[in-house]
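Visitor: would you be able to build a 3D model of this:
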Amino acid sequence: MSHDPSSTFDLNKPSPARMYDYFLGGKDNYAVDREAAAKVDAAVGKVMTHDIVWENRLFLQRATRFLAESGIDQFLDLGTGLPTRGNVHEIAQEVTPDAHVVYVDNDPIVLTHGRALLAKNATTTIITADVRDPAGILENPQLGELIDFSRPVGLLSVALFHFISDHEDPAGILRAFHERLCPGSYLVLSHLTTDGPSAEKIGQVTDAYKNATSPIVFRPRAEIESFFDGFDVQDPGLVRPWSWRPAYGESGPQTEYLYAAVARVNA
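Guide: Here you go, the predicted model:
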């Protein structure tokens, strides 16, 4: 399946990447994104527009540090959104200064703003591509310049796959990436779940995103767990993101809207 990333550049529709930027306090968003964000806020309040995004963000940061301290020095971040403080390359390069990081997003605005931010970072880049077309990412020459799949890679898909509908085959997408990962690689994944929030809240959030460039899908824990088929889930398992190896003294939001895990590719 082929997707043209430029086709997603529609300022008449809210973009999950730009809405996420708005939720994080960024400025790279438009009126259509803020209007959709306000609808989410009206439906479920700050749980969705603050707590969940920051719970995810802190999980991403802890997981990235864990991978870097475990020897991973190359990262592929799918559906990265707009770069903001405490991003993957900043954390990974604190541990390993020459760590290689490739960000992928299908929103061309992410490329525009990200390239400017990363202009002086020779080991980090952003490519415009769609995760629904794994081959288009894996065969991208820019990816090949920084990522060597004969060595372990950290594959990050945080708050991404709940924007992939069932007919787009999220499990098949993950299998395509898994096939390229050598032993010692890792998958980091978080996902919205039906196990926790009420059906009413789920319906309100789903409705708020129905006109976005990528609608949102909540899934049961068992289905999220199946996304890790072929991987060895690391301790403490598939858990709420806030409870995944919390940093000493860290205080952050704690919700029941998400599950997350870090898993390893074994020989």
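Visitor: gap between the residue nearest to the spatial centre of the chain and Ala42?
Guide: Here the mean C-alpha position of the chain is nearest to the C-alpha of Val158 (CA atoms, centre = their mean), at a distance of 2.9 Å. Distance of Val158 to Ala42, given as CB to CB, to the nearest Å: 26 Å. The way it works is simple: take the backbone N, C-alpha and C, and place the C-beta from them, glycine included.
Visitor: Leu189 touches His162, doesn't it?
Guide: No: with contacts counted by CB atoms under 8 Å, Leu189 stays clear of His162, the gap being 10.4 Å.
Visitor: partner residues bridging the residue nearest to the centre of the chain?
Guide: Per DSSP bridges, the residues bridged to Val158 are Ser190.
Visitor: would you confirm that it contacts His191?
Guide: No: if you go by CB under 8 Å, Val158 and His191 don't touch, sitting 9.1 Å apart.
Visitor: now for the two: what residues contact both?
Guide: Residues touching both Val158 and His191 (CB atoms under 8 Å, 6 or more residues apart in numbering) are Ala260.
Visitor: next, count neighbours for the nearest residue to Asp195 once chain neighbours are set aside.
Guide: Sequence neighbours aside, Arg221 is the residue nearest to Asp195 in space, at 4.6 Å (criterion: CB to CB, 6 or more residues apart in numbering). For Arg221, the neighbour count with other CB atoms under 10 Å is 14.
Visitor: any weak-confidence spans in the stretch 101-250 of the chain?
Guide: 117, 213 (pLDDT under 70).
Visitor: show me the strands in the stretch 151-267 of the chain, by range?
Guide: 154-158, 186-192, 232-233, 258-264 (DSSP state E, counting those that start in this stretch).
Visitor: partners of the shortest one, with directions?
Guide: The reference is to strand 232-233. Applying DSSP bridges, one finds strand 232-233 paired with strand 258-264 (antiparallel).
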